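Asks: Mind looking at a prediction? Sequence and model below.
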Amino acid sequence: GIQVEQSPPDLILQEGANSTLRCNFSDSVNNLQWFHQNPWGQLINLFYIPSGTKQNGRLSATTVATERYSLLYISSSQTTDSGVYFCAVMQAGTALIFGKGTTLSVSS
Amino acid sequence: ETGVTQSPTHLIKTRGQQVTLRCSSQSGHNTVSWYQQALGQGPQFIFQYYREEENGRGNFPPRFSGLQFPNYSSELNVNALELDDSALYLCASSVGAGNYGYTFGSGTRLTVV
């Protein structure tokens, strides 16, 4: 089955810094999403981005489908950005395949 | 509109017992998917229910079973609990199978002792 790899596994930042999270996937996909898991365990959908670039406030994402990777950019990070960021892809139309996540810690 | 609600939030069971977890889908959503998230890992797909029928299943044994009700709420049942079943169980609802608009609940933390 399709493999999803995220890097780095852990990231520690000072408030105000910028960061880039990467997601590589092993096969073509028709659905790619980025999620943020908050400390209470809830997964919050950040972007649906099977290709192209999207921006939402301080967050933006780019997916280059032909090269099988996606990037999540966080600018001017805040302590509330802390948590685990997951990339998830879909092939067969029912199952999201998640990477292992990037754990982000932002300190003030 | 209400989001996805899961109950209970935490649960402790003994190995060999059976457990039922519940999920109420977001208003207007007709599809429910269940995921298991072990500590430090990404969620893994268990199965999906669409119009009260199983509509896809991940690599989980038959002792993991589910139901979807006419109001689109869902249950996840696990029989003969094993220690490795300890995990966060997440429910997600969406409109239609494969739709990108997934809304996740906060999960049920199951501990098997």
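Replies: Happy to help now that I have it.

Asks: among the helices and strands of chain B, which has the poorest mean pLDDT?
Replies: None of the helices or strands of chain B scores lower by mean pLDDT, DSSP states H and E than strand B:103-104, at a mean of 90.

Asks: Against which helices or strands is it packed?
Replies: strand A:43-48, strand B:87-94 (3 or more Cβ pairs under 8 Å, 6 or more residues apart in numbering or on different chains; DSSP states H and E). All C-beta spots, glycine's among them, are computed from the backbone N, C-alpha and C.

Asks: Show me the shaky parts of chain A.
Replies: Scanning chain A for pLDDT under 70 picks out no residues.

Asks: residue ranges for the strands of it, please.
Replies: A:4-7, A:10-14, A:19-25, A:31-37, A:43-48, A:52-56, A:59-64, A:69-74, A:83-90, A:96-98, A:102-107 (DSSP state E).

Asks: same thing with chain B?
Replies: With DSSP E as the criterion, chain B has strands spanning B:5-7, B:10-13, B:19-24, B:31-37, B:44-50, B:53-57, B:64-68, B:74-78, B:87-94, B:103-104, B:108-112.

Asks: got a markdown table for the ones you listed, with mean neighbour count too?
Replies: Converted to a markdown table, the strands of chain B look like this (neighbours: other Cβ atoms under 10 Å in any protein chain shown):
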| stretch | mean neighbour count |
| --- | --- |
| strand B:5-7 | 16 |
| strand B:10-13 | 13 |
| strand B:19-24 | 19 |
| strand B:31-37 | 25 |
| strand B:44-50 | 23 |
| strand B:53-57 | 15 |
| strand B:64-68 | 18 |
| strand B:74-78 | 21 |
| strand B:87-94 | 24 |
| strand B:103-104 | 22 |
| strand B:108-112 | 18 |
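
Asks: which parts of chain B sit against chain A?
Replies: Chain B has residues B:33, B:35, B:37, B:40-45, B:48, B:55-56, B:58, B:88, B:90, B:92, B:97-98, B:100-107, B:109 near chain A, with proximity defined as Cβ under 8 Å from any Cβ of the partner chain.

Asks: Show me what from chain A comes close to chain B.
Replies: Residues of chain A lying close to chain B by Cβ under 8 Å from any Cβ are A:4, A:31, A:33, A:35, A:40-45, A:48, A:86, A:88, A:90, A:92-101.

Asks: now these: which count as buried?
Replies: With burial judged by 16 or more other Cβ atoms under 10 Å in any protein chain shown, the buried subset of the residues of chain A next to chain B is A:4, A:31, A:33, A:35, A:41-43, A:45, A:86, A:88, A:90, A:94-101.

Asks: Now residue A:71. Nearest residue, chain neighbours left out?
Replies: Distance criterion Cβ to Cβ, 6 or more residues apart in numbering or on different chains; nearest residue to residue A:71, sequence neighbours excluded, is residue A:62 at 5.0 Å.

Asks: try residue A:61
Replies: In space, residue A:61 is closest to residue A:47, 4.4 Å off (Cβ to Cβ, 6+ apart).

Asks: Let me know how buried that neighbour is, in neighbour terms.
Replies: Applying other Cβ atoms under 10 Å in any protein chain shown, we find 21 other residues in the vicinity of residue A:47.

Asks: isn't it right up against residue A:57?
Replies: No - judged on Cβ atoms under 8 Å, residue A:47 makes no contact with residue A:57 at a distance of 11.5 Å.

Asks: who touches the spatially closest residue to residue A:17 that is not a sequence neighbour in this structure?
Replies: Spatial nearest neighbour of residue A:17, chain neighbours left out: residue A:77 (5.4 Å); criterion: Cβ to Cβ, 6+ apart. Shown in contact with residue A:77 (Cβ atoms under 8 Å, 6 or more residues apart in numbering or on different chains): A:13, A:15, A:16, A:17, A:18, A:19, A:58, A:104, A:106.

Asks: All set now, cheers.
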